[in-house]
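J.: Sequence first, predicted model second:
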Amino acid sequence: MSSPPFRFLDLPKEIRLMVYEHLPLLLKHHKVLLPFNSSADEPMCEITLIVRCLPMGILRTCRTIFKEANTIMQKRAWSWVMEADKPVRIIFQIPEGLAGSQRANQFALGANNGYDNDVVKETTMRVIGCMAGLCDVIRLRVENPADMLMVC
């Protein structure tokens, strides 16, 4: 014999408010492949943008839950996602063709240390180009920064 279904709205409002306050905080990884050079033959660089988000889908459940949870979720979203003291985290993976090469090692060191400054400068400019490409991808997907809360 099956048990009767659990109905969330049958819980007292005070308990439902506690549930909203304890919804999990999430870190999502969004990977983007961008060309490391203007040439199509060149290896792609993989950039992983680490995004903080909340399960905002609960607000779409019903009007009652939206009214109860909206203020709580917006406050949590602001403190978890939008606070300025939390830096954006990005993982940049050097293309396989460059990994372990003198060029990659020079870039990793990032200082002169007897290495050819032109190689370090070139590699740095390529990385900056990849980052600019990542910003373009994000801008195309999300016009309003507040919408980033809903992306997850």
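T.: Arrived safely.

J.: C-alpha only now, for contacts and for neighbours.
T.: Fine.

J.: quick one, phi psi at Val19?
T.: phi -60, psi -50 (degrees, to the nearest 10).

J.: what's the burial count for it?
T.: Burial of Val19 is recorded as 12 neighbouring residues (other C-alpha atoms under 10 Å).

J.: Can you check the pLDDT for it?
T.: Per-residue pLDDT puts Val19 at 94.

J.: what's near enough to touch it?
T.: Val19 makes no contacts at all, as judged by C-alpha atoms under 8 Å, 6 or more residues apart in numbering.

J.: any idea how far it is from Ile91?
T.: 33 Å (C-alpha to C-alpha, to the nearest Å).

J.: Could you do Gly57 as well?
T.: In this view, Gly57 and Ile91 are 27 Å apart by C-alpha to C-alpha.

J.: How about Ile58?
T.: Applying C-alpha to C-alpha, the value for Ile58 to Ile91 is 30 Å.

J.: out of these two, which sits in the busier spot?
T.: When neighbours are counted by other C-alpha under 10 Å, Ile58 and Ile91 differ, and Ile58 comes out ahead with 15 against 12.

J.: Backbone dihedrals for that one, please?
T.: phi -60, psi -30.

J.: Same check on the one 3 residues further on?
T.: Main-chain dihedrals, Thr61, degrees, to the nearest 10: phi -70, psi -60.

J.: Can you get me a residue count around it?
T.: Counted with other C-alpha under 10 Å, residues neighbouring Thr61 total 10.

J.: so Leu25 makes contact with Leu54?
T.: Yes: if you go by C-alpha atoms under 8 Å, Leu25 and Leu54 touch, sitting 5.4 Å apart.

J.: In terms of neighbours, single out the busier of the two.
T.: Leu54 (22 against 13).

J.: And the more buried one, how close does it get to Ala77?
T.: 6 Å.

J.: Which pLDDT value goes with Thr46?
T.: I think there's a mix-up here, since residue 46 is Glu and not Thr. pLDDT for Glu46: 75.
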